[in-house]
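In: let me see the structure of the following:
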Amino acid sequence: MSVDPIPSSWCEIHLDRVSKNLELTLGLLPKGAAFCAVMKADAYGHGISRIVPLLSEQKVTCVGITSNAEARSVRDAGFSGTLLRLRAATLQEIEAALPDRVEEQVGSPWGAKQLRKLLESGRGYSRVHLPLNAGGMSRDGLDISTTVGQQNCREILDEIGQNIVGISTHFPTNEPACLKHNSDLFKQEVEWVCGNSDLNRSELLVHAGSTLTLLSGERVETDMYRCGAILYLSLIHI
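Out: The predicted structure is shown next:
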C-alpha cells in the first residue's frame, strides 16, 4: 500500500497581501516617480505567473528581470509593458530575447560594438540603458570617475548613443549620508554624459535604487525606483 508523503515544509503565498504591499509601495513613491517591479529569481520565489497579474491590476508598466527565462515568463503572464534587464547580457542572450522586446544594459565599448552590429543587421531591439557605477558598487556599471572610464563612455556613446533611452545606477549603501552623496554623484555623472553627447536629460529615464533606497526616506535623483523585496516583506503589510 502506497502512502502519500507528508511534506516537512511548505510555503503559503497570500496574493492579497502582495497586492496590498504593492499598493502601499506605490504610495511611498515621491510625486512624479515611476516604479519598476523587480521579478528576478521567479519573483523572489513567489512565482512570476502569480505576481504579474497583480502588477497589471495596479497599472505597473515596468518589470525588471535578469534572465531570458524570466523575460519569457513575464510575457507569458500577459505583461505588455517595458521589460528591463538589470545586468549586462551576452550577445547570445540579447539575440534570444528579441521576441520579448527586452531593453538591455550596455556598459562597455565591446558590448556597444556588438549591439551596433546586431542593429545594423536589421535585428536587435533599439532601446538601451547605460549603467553607471556611481558610488562604487559596480553591478556592471561604467566608472566614469576616471579618464579611462570617460573615454570608454564616449566610445559607447559613439556606437549606440542614439539608442540610449535610460541611464541607471545601483547605490552601494542606503545609509542616509552616503546615499545623499552617491545620489548627488549620480546626478553629476548623468549631467556629464549629457554634456558630452547628444543625449537630452529631459528625454531620458534616469533610474536607481532598491527597496532599501525607497524606505530610506532620502530623496534621490531618480525618475524611477527599481524594487523587488518590498512586495513580499511582511513588515510592509498593514
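In: how about the secondary structure of the closest residue to residue 88 other than its chain neighbours?
Out: Distance criterion C-beta to C-beta, 6 or more residues apart in numbering; nearest residue to residue 88, sequence neighbours excluded, is residue 140 at 4.2 Å. In short, each C-beta sits where N, CA and C put it, glycine included. Secondary structure, DSSP: H, G, I helix; E, B strand; the rest coil: residue 140 is coil.
In: spit out the contact partners of residue 140.
Out: Contacts for residue 140 were tallied using C-beta atoms under 8 Å, 6 or more residues apart in numbering; they are 87-88, 105, 107, 131.
In: show me the contacts for residue 147.
Out: Residue 147 sits next to no residue when contact means C-beta under 8 Å, 6+ apart.
In: from residue 185, how far out is it?
Out: Distance of residue 147 to residue 185, given as C-beta to C-beta, to the nearest Å: 17 Å.
In: restricting to C-alpha, output the strand or helix carrying residue 130 in CSV.
Out: Using DSSP states H and E, the element containing residue 130 is strand 128-131. Output of strand 128-131 as CSV, limited to C-alpha atoms (Å, rounded to 0.1, in the frame of the first residue of the first chain):
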residue,chain,number,x,y,z
VAL,A,128,19.3,50.6,-24.5
HIS,A,129,20.2,51.7,-21.0
LEU,A,130,23.6,53.0,-19.8
PRO,A,131,24.6,51.7,-16.3
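In: what is that strand packed up against?
Out: strand 102-105, helix 147-160, strand 164-168 (3 or more C-beta pairs under 8 Å, 6 or more residues apart in numbering; DSSP states H and E).
In: please convert the ones you listed to JSON lines, extending it with mean pLDDT.
Out: Formatted as JSON lines, these follow (pLDDT from 0 to 100):
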{"stretch": "strand 102-105", "mean pLDDT": "97"}
{"stretch": "helix 147-160", "mean pLDDT": "97"}
{"stretch": "strand 164-168", "mean pLDDT": "97"}
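In: surely residue 79 touches residue 54?
Out: No. Using C-beta atoms under 8 Å as the test, residue 79 is too far from residue 54 to be in contact (11.0 Å).
In: looking at the two now, which is surrounded by more residues?
Out: A direct count of neighbours by other C-beta atoms under 10 Å for residue 79 and residue 54 places residue 79 higher, at 23 against 20.
In: just the element for the residue lying closest to that one once chain neighbours are set aside, please.
Out: Distance criterion C-beta to C-beta, 6+ apart; nearest residue to residue 79, sequence neighbours excluded, is residue 52 at 5.1 Å. Taking DSSP H and E as the criterion, the element that holds residue 52 is helix 48-57.
In: go on, residue 173?
Out: Residue-wise, residue 173 maps onto no helix or strand under DSSP H and E.
In: surely it meets residue 183?
Out: No. If you go by C-beta under 8 Å, residue 173 and residue 183 don't touch, sitting 11.3 Å apart.
In: contacts for the helix holding residue 52?
Out: 13, 15, 18-19, 22, 37, 39, 42-43, 63, 70, 73-74, 76-79, 231.
In: before we move on, back to that, can you redo the contacts of residue 140 as TSV with neighbour count?
Out: Shown next, in TSV, are those (neighbours: other C-beta atoms under 10 Å):
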residue	neighbour count
87	16
88	17
105	21
107	23
131	24
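In: ranges for the strands of this protein?
Out: With DSSP state E, the ranges of strands along the chain come out as 34-38, 62-65, 82-88, 102-105, 128-131, 164-168, 205-208, 224-227.
In: any chance of JSON lines for those, columns distance to residue 95?
Out: Below are those laid out as JSON lines (distance: least, C-beta to C-beta, whole Å):
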{"stretch": "strand 34-38", "distance to residue 95": "24"}
{"stretch": "strand 62-65", "distance to residue 95": "16"}
{"stretch": "strand 82-88", "distance to residue 95": "13"}
{"stretch": "strand 102-105", "distance to residue 95": "11"}
{"stretch": "strand 128-131", "distance to residue 95": "15"}
{"stretch": "strand 164-168", "distance to residue 95": "20"}
{"stretch": "strand 205-208", "distance to residue 95": "24"}
{"stretch": "strand 224-227", "distance to residue 95": "25"}
